[in-house]
Every structure is written in C-alpha cells, then in structure tokens.
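>>> I'd like to go over a predicted model; first the sequence, then the structure.
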Amino acid sequence: MPRKKAIGQALLVSQIACVLALVVITLGAWTRLVDAGLGCPDWPGCYGHLMVPTSSAQLAQANVLFPNHVVEADKGWPEMIHRYAAGILGLLITWLAFKAWQWRKLNGYPRKLSWLLWTLVITQALFGMWTVTLKLWPPVVTLHLLGGMSTLALLFVLSLRLKRFYNRWADREGWSEMRFDSLLLHEHGQHEWALLWKLRQWASFALLILMLQISLGGWTSANYAAMACPDFPTCQGQWLPNTDLQQGFNLTPPVGANYLGGQLDAPARVAIHMAHRAGALVTMLVLGGLAFYMLKNPFTLLLQVRAFWLMSTLILQLSLGVANVFLNFPLPLAVLHNLGAALLLLALCNLLWYLQALHPPLPVGGMVRHA
C-alpha cells in the first residue's frame, strides 16, 4: 500500500475515533444521570451475560449469581451501550497504536502520542471496572470522567498531527498545510515572537484551568451535588449558604459503601456545588479573556476563527449551566452540559495546537518551513 494512502487511513480512523469519543462521553453522562452506573453489578458483562438478561432462564441465573440485586433492564441497557461504545473506541485506538509501532521508523509520525493514547484507554478500562466494583466511589468516577476527556483531547490532537503529516506526503515539496506569512495582519517584526509566546502561555494556563473545572464538575456529579443549589445566582436564597468544605472535598471517602445517590449531607454538597460555580467564574475570566483579546486585536483570520469558536463554546457552556439550575436539571439539558464541556475542551485544544504549530516570520524576514 502506498505510504500516502496508509497515512490517510490512519487519519480517517483517528477522526472517527474522535467523534466516537464524543459519543462515549455523552453516553457516560447519560448513564450517570439516569442512575444506571450500577445497572450491571459485574464487569465486563451484565449479570454474567454479554447483554442485559431478558429471558426467564437468564433472569433466573442472574438471581442465583447476584441474589442481592434486582435486574432492571432500563438501568442495564444504558450501562451496556456505554461499555460497548467504549470497547469499539478502544479497538480503534489499539489499531492506531499498532500502526504507530508498524511505522515507528517513519520520521515525523506521531508514534509516542499514539502509544500514550493506547496506555490511557487501558487505564480507562480499569477505571470503568473499578467504577462498578467500588460501587461508584467518587474519586474513581471523577478520574474516569477526566480520563475520558483526556482521551478525547489527545485523539483530537493526534488527528491534527496526522493531518499535517498526511499533507507533507501529499505535497512532495514537504510543506504542511499551514503556510503562515504573519501572526498579525498589519504588523511584522520581533514583537510577534514575544506575542506568540504570551498567547501560548495564556492558552496553556487556560487548559489547566479548564481541566480543573471539569474535575470539579465530575466531583459534583459523583457526589450528586448538582441539585444542592436550586436557585441562581444565590444558593438556597443566600449568598453565603452553610457549607462543609472539609467533608465535601474529602478525596478519600470510605471504600465499600454504595455511593449511588451520594453519601454526603447537605452542607457538604452545597460546598461542592458552590466550588463548581466559583470555578465556572474563573474559567469564564481566563478563557473568555483569551478569546476576547484575540478577537479584539488584528490577528490573522485563521487565529480569529479559532478564538471565535472558543468564545462561542464558552458562552454555550455557561448558558447551559445556568439553564440547568433554572429548569431543575432536565435530563437532555444535563447531558448537553457534559457535551458542552467536551466541545469547549476541543475548541481550546484547537487554538492551543494552532498556536504551538504557528511560526511567524523571522525578524529578518523569509519563510518558515514546518515539520
């Protein structure tokens, strides 16, 4: 098979895997929100079967194997659909890792990133198992969500790197698809390098803030604290409600209890919810400030388009968060809030990737060839 065609196949698989990762994250949110995280008490099967047991014989066997559980098909199916979607995603990432090993001597191929993704997806499978066996233990549930978001982000970056690598082979002169004349529309010179460095640092810091906010969102969901404050912008009619930060952010709760529905009292859940709101404010200032700065200044169109998408997804995510409180967390809107976090992460990764790949002209002029 010609090398260009083979690289094109890897690019296509990475793009399909990226879309599927979005679907898996959405299915995971749906599973949590319908309280189906323990819809199947075992792993990787469901009551000892590959599918949710439905026949009389299967139900009888399930009762023997798991006498303390009642088979609920409406809880089992969300869990199993999520598992099978995650399994298909794992196979696609395994294929990408195999191709990276196969082409390990091909200069410039993103093999390390492919292997990192494969390691991450194996870790995700373990967290999926521990989510069930440890009965929704909040630290594991939160880390499982973070792992899913990290998988999505790394798959997206892999697809971007493969696209650039593919275009190198498509263009026999060895140029990438990104040919930049300048970072700015009307100004050139030494200060462009300093400006690019500042934007990269700002975007990297924004990514750290966003991941911390996603962690807070996962902790809120894992401890069933989303409905602790049914009003906005106050909480239970107060600006400073009664909170218990020590209990709310005990990162090593007892192992063995069933955490379906949560184990914390009201002040602890309020503390978690208010921390998530405070994190949303910080996220808005950091990410919104970055996007606004780039939209206001005369950057090139390709940069401003990425800043526009960052601002748009940020506004969408904040609106979904507020709407969930006002509408008492309807299931479709709550699922969309999880999806919105994933889209916001992709928008930021897209901007950061572009800033990292961008090289404005040297102060003395001339073109810059990209790897």
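Received, thanks.

>>> For the rest of this, base every contact and every neighbour count on C-alpha atoms.
Fine.

>>> what's the domain layout of this protein?
For the chain, automatic domain parsing gives the domain ranges 1-177, 178-371.

>>> Adding mean neighbour count and mean pLDDT, write these out as a markdown table.
Shown next, in a markdown table, are the domains of the chain (neighbours: other CA atoms under 10 Å; pLDDT from 0 to 100):
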| stretch | mean neighbour count | mean pLDDT |
| --- | --- | --- |
| domain 1-177 | 18 | 89 |
| domain 178-371 | 18 | 87 |
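
>>> so how far is K4 from I25?
32 Å (CA to CA, to the nearest Å).

>>> wait, I meant L352
Counting by CA to CA - L352 and K4 are separated by 27 Å.

>>> Ok, R277 next?
48 Å.

>>> quick one: contacts for M311?
L287, G288, A291, F292 (CA atoms under 8 Å, 6 or more residues apart in numbering).

>>> For Y47, state which of those residues is nearest.
L287 (44.8 Å; CA to CA).

>>> which SSE is the closest one in?
Counting by DSSP states H and E, the element that carries L287 is helix 266-296.

>>> Quick one: distance of that helix to the chain centre.
Computed by CA atoms, centre = their mean, to the nearest Å, the chain-centroid distance of helix 266-296 equals 17 Å.

>>> What distance do you get for the residue nearest the centre of the chain to V23?
The centroid of the chain falls nearest to M149 when counting by CA atoms, centre = their mean (2.1 Å). Distance of M149 to V23, given as CA to CA: 11 Å.

>>> From M80, how far out is A36?
For A36, the distance to M80 - CA to CA - is 10 Å.

>>> where along the protein do the strands fall?
Using DSSP state E, the chain contains no strands.

>>> now the helices: where do they sit in the stretch 151-300 of the chain?
For the stretch 151-300 of the chain, the helices defined by DSSP state H, counting those that start in this stretch cover 191-222, 245-248, 266-296.

>>> Tell me which of those lies nearest to A153.
Across the helices of the stretch 151-300 of the chain (criterion: CA to CA), the nearest stretch is helix 191-222, sitting at 10.7 Å.

>>> and that closest one with helix 266-296, angle?
160 degrees (axes from the mean of the first three to the mean of the last three CA atoms, to 10 degrees).

>>> who's in contact with stretch 92-104?
10, 13-14, 17, 109-112, 114-115, 117-118, 121.

>>> same thing but 7 Å
Counting by CA atoms under 7 Å, 6 or more residues apart in numbering, stretch 92-104 makes contact with A10, V13, A17, R111, S114, W115, L117, W118, all of which sit outside it.

>>> and if you look at stretch 326-338?
With CA under 7 Å, 6+ apart as the criterion, stretch 326-338 contacts T26, A29, W30, L33, P230, D231, Q317, L320, G321, N324.

>>> OK, contacts around the first one?
Contact criterion CA under 7 Å, 6+ apart gives V335, N338, L339 as the residues in contact with T26.

>>> and the gap between the closest residue to G148 other than its chain neighbours and P230?
Here the nearest residue to G148 in space, its sequence neighbours aside, is I25; by CA to CA, 6 or more residues apart in numbering that works out to 6.5 Å. Taking CA to CA as the measure, I25 falls 25 Å from P230.

>>> Please apply the same query to F165.
For F165, the distance to P230 - CA to CA - is 49 Å.

>>> can you check L145 too?
The gap separating L145 from P230 is 24 Å, by CA to CA.

>>> Can you work out which residues contact both of M149 and V23?
With CA under 7 Å, 6+ apart as the test, M149 and V23 reach no residue in common.

>>> Dump the contacts of stretch 326-338 to a markdown table, plus distance to G90.
Below are these laid out as a markdown table (distance: CA to CA, whole Å):
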| residue | distance to G90 |
| --- | --- |
| T26 | 16 |
| A29 | 18 |
| W30 | 20 |
| L33 | 23 |
| P230 | 38 |
| D231 | 40 |
| Q317 | 28 |
| L320 | 30 |
| G321 | 30 |
| N324 | 32 |
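
>>> Looking at the contacts of M311, which is nearest A206?
L287 (5.7 Å).

>>> Touching, the closest one and F205? I think so.
No. Using CA atoms under 7 Å, L287 is not in contact with F205; the gap is 9.2 Å.

>>> got the contact list for the residue nearest to the centre of the chain?
So M149 contacts A342 (CA under 7 Å, 6+ apart).

>>> Pull up the gap between it and L212, please.
From M149 over to L212 (counting by CA to CA), the distance is 12 Å.
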